[in-house]
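Peer 1: Provide a 3D model corresponding to the input given below.
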Amino acid sequence: MRCEVLFKLPKNVEVAWRFAEEVETQKVDLFKDVTFGADALYSIPSTSLQHAGTYQCEIYSEGRSIVRLYFYLSVTPQLTVGHTQLQEIFDLCLLPGGQLLPETGHYPHSIFHPMLVLLTACFSSVLLVVLLSLG
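Peer 2: All right, here's what the predicted structure looks like:
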């Protein structure tokens, strides 16, 4: 979030960031101080449910408040169960017959043989197209 305004600010400004948890409000008494300094940018690297609420930035110059801006942040939880199930389906689709590779690190020859034939056919086709375009 950036604490920016459309009018010119004095040179030496300070920015106070405050947070009111789980509410959308502009009531000053509900906010708790988060940070204070020259940085007009406030970022949350990885949001979680505890970050939902209203953020207020207030710009000061020589101890006097110039402006207050409000940002309401809504956080939607991401379910990891769906991601896990999707990964399992993806893994099964990659192998013929939905079979998983053995964990020993030795792969059956039959899985890679069709890929070698397909790779050879693709390479031959590309080579033929190149030769025809030159001739």
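Peer 1: By mean pLDDT, which helix or strand of the protein comes out lowest?
Peer 2: Lowest on mean pLDDT, DSSP states H and E among the helices and strands of the chain sits helix 80-94, with a mean of 66.
Peer 1: next SSE after that helix?
Peer 2: helix 109-134 (DSSP states H and E).
Peer 1: from memory residue 47 sits against residue 76, does it?
Peer 2: No. Between residue 47 and residue 76 there is no contact under CB atoms under 8 Å: 9.4 Å. Any C-beta I mention is one placed from the backbone N, CA and C, and that applies to glycine too.
Peer 1: The spatially most central residue of the chain and residue 124, how far apart?
Peer 2: Nearest residue to the geometric centre of the chain (CA atoms, centre = their mean): residue 46, 8.2 Å. Distance, residue 46 to residue 124, using CB to CB, to the nearest Å: 48 Å.
Peer 1: re earlier: more crowded one of residue 47 and residue 76?
Peer 2: residue 47 (14 against 8; other CB atoms under 10 Å).
Peer 1: how close does the closest residue to that one other than its chain neighbours get to residue 55?
Peer 2: Residue nearest to residue 47 in three dimensions, not counting chain neighbours: residue 75, with 5.3 Å by CB to CB, 6 or more residues apart in numbering. Going from residue 75 to residue 55 by CB to CB gives 12 Å.
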